[in-house]
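K.L.:
coords below, sequence missing:
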């Protein structure tokens, strides 16, 4: 729900603006404040989970997100909608890192490969399903339903969490890293906002330069504070592990390709083929199904072959599929585009979750509850940076190919042939990034699996608990 709401509102924004008789400039705050709320609250999720218990905090965030969603659906003007989106974001921001941290308290490192396939599924499916679901709801109902649909799902989640989850150990003497929290609340929102405003306001505009300047200074100060703190807000010391750092770089490559797919192809299909958002979502939906299949296969095979073969194969297929997509034109059939997108989805499932599993297998046991907060912050930055880079490539490419003055990607003034060339340039850039990922993947290795293969630790085996239920430990 949390990730879905990062994308689904994009489809409904025109209807929201018409309903409230508001301008696009003011309406952008509906999207922006949600992302900023996520950026503020995610860094604190690790500390809050330790201090108050993960189950208790998870239920609170579910109630906040569900209640905020319901309030958004009942908003009576744009100002109240923006306020309620802040509440929704404050709850939604912690759902993913808390959910991952709870799962990590229940499984061993040797089980992570299999369970990461399930944990990663929302990251792959939500950006693809969002436009389709949002398009249908807006077209056949009302924009308010994109928020109200979270109400029954959220209430069911709260009941299940109360009944099924077990509370984790609370660290009552955990101290809040207040300087780190303040600096994080400045650095990450400024950087995210700068990345999101760069194309519309101009990368050299005073607003964007100020955001990047303030964000960069705050980020440097934040890192210095965290390195000196014995109980930091985010465990930035994890970057001292070379394999953790390498895996996060490869993670950026996969995120670049994931967000590239969900950003470039919908635009191309709507502008070059004239498809509606609903039909665009249907064309891309098979790629999510392919990712689901390959993620489960990679999860089951992780302990046998490790992350390197899976990442190399996945990134290699991604490079091939993206290279083939760079040859598409306005005359390419949507069936062929859907097939190539599905091939990329298949590749994404093979490389994304094994790399994620490797990341967490490098984290010491006593830091594992804090690691999801750090990785989720980075993924937010990776996604925003990917969209910003690809948008810039499209704009620069369109101008370099001789587009008329004032023509943009979306205003309909650029000739179709030049639009196609700009999209092809962006896809070539994604192909090059995927090639870099293939090279880096050769250096990936999981020390936990290597100990298993050497016989230093026992493999996962089936046992039967006293109640007769077979479980894996």
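P.N.:
That came in fine, so what should we check first? Predicted, not measured: the structure shown is a model, and the values here were computed from it.

K.L.:
Would you state the strands of the chain in chain order?
P.N.:
Counting by DSSP state E, the chain has strands at residues 462-464, 470-472.

K.L.:
where does the stretch 51-200 of the chain have low pLDDT?
P.N.:
127-128, 131, 199-200 (pLDDT under 70).

K.L.:
so where do the helices sit in it?
P.N.:
54-74, 78-104, 112-119, 121-140, 145-148, 150-164, 178-201 (DSSP state H, counting those that start in this stretch).

K.L.:
go on, the stretch 201-350 of the chain?
P.N.:
So, for the stretch 201-350 of the chain - with DSSP H, counting those that start in this stretch - the helices run 206-228, 242-272, 277-305, 307-325, 334-361.

K.L.:
Residue 389 and residue 62, how far apart?
P.N.:
34 Å (CB to CB, to the nearest Å). To be clear about C-beta, it is placed using only N, CA and C from the backbone, and glycine gets the same treatment.

K.L.:
same deal with residue 392?
P.N.:
From residue 392 across to residue 62, the span is 37 Å (CB to CB).

K.L.:
Looking at the two, which one has more neighbours?
P.N.:
When neighbours are counted by other CB atoms under 10 Å, residue 392 and residue 62 differ, and residue 62 comes out ahead with 27 against 14.

K.L.:
Quick one: the helices of the stretch 51-200 of the chain as TSV, columns for distance to residue 217 too.
P.N.:
Shown next, in TSV, are the helices of the stretch 51-200 of the chain (distance: least, CB to CB, whole Å):
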stretch	distance to residue 217
helix 54-74	30
helix 78-104	23
helix 112-119	34
helix 121-140	30
helix 145-148	36
helix 150-164	37
helix 178-201	8
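
K.L.:
so which of the ones you listed comes closest to residue 38?
P.N.:
helix 78-104 (3.8 Å; CB to CB).

K.L.:
helices and strands around that closest one, which ones?
P.N.:
Of the remaining helices and strands, those touching helix 78-104 by 3 or more CB pairs under 8 Å, 6 or more residues apart in numbering; DSSP states H and E are helix 4-20, helix 24-41, helix 45-52, helix 54-74, helix 112-119, helix 371-400.

K.L.:
among those, which is nearest residue 154?
P.N.:
Residue 154 sits nearest to helix 54-74 of all these, at 2.8 Å, using CB to CB.

K.L.:
which parts of that closest one are buried?
P.N.:
Residues 54-73 are the ones in helix 54-74 that count as buried (16 or more other CB atoms under 10 Å).

K.L.:
likewise stretch 95-103?
P.N.:
So for stretch 95-103, counting by 16+ other CB under 10 Å, buried means 95-103.

K.L.:
I figured residue 379 was touching residue 256, is that so?
P.N.:
No. Using CB atoms under 8 Å, residue 379 is not in contact with residue 256, being 11.4 Å away.

K.L.:
about what we covered before: dump the buried residues of stretch 95-103 into a markdown table; add distance to residue 190 as well.
P.N.:
Formatted as a markdown table, those follow (distance: CB to CB, whole Å):
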| residue | distance to residue 190 |
| --- | --- |
| 95 | 23 |
| 96 | 22 |
| 97 | 21 |
| 98 | 25 |
| 99 | 27 |
| 100 | 26 |
| 101 | 26 |
| 102 | 30 |
| 103 | 31 |
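
K.L.:
Nearest to residue 356, out of those: which one, please.
P.N.:
residue 100 (9.4 Å).

K.L.:
State the distance from that closest one to residue 373.
P.N.:
Residue 100 is 9 Å from residue 373, by CB to CB.

K.L.:
can you check residue 316 too?
P.N.:
Residue 316 is 32 Å from residue 373, by CB to CB.

K.L.:
Neighbour count for the two, which is higher?
P.N.:
residue 373 (29 against 18).

K.L.:
Please tell me I have it right and the more buried one contacts residue 234.
P.N.:
Yes. Applying CB under 8 Å, one finds residue 373 in contact with residue 234, separated by 6.0 Å.

K.L.:
what's the closest non-adjacent residue to residue 107?
P.N.:
Spatially, and ignoring its direct neighbours in sequence, residue 107 is nearest to residue 115 (5.6 Å; CB to CB, 6 or more residues apart in numbering).

K.L.:
re the thing from before, looking at the helices and strands packed on helix 78-104, which is nearest to residue 130?
P.N.:
Closest among these, using CB to CB: helix 4-20, at 3.5 Å.

K.L.:
for that closest one, packing partners?
P.N.:
Using 3+ CB pairs under 8 Å, 6+ apart, helix 4-20 is in contact with helix 24-41, helix 78-104, helix 121-140, helix 145-148.

K.L.:
So for residue 284, which of those sits nearest?
P.N.:
helix 121-140 (5.4 Å).
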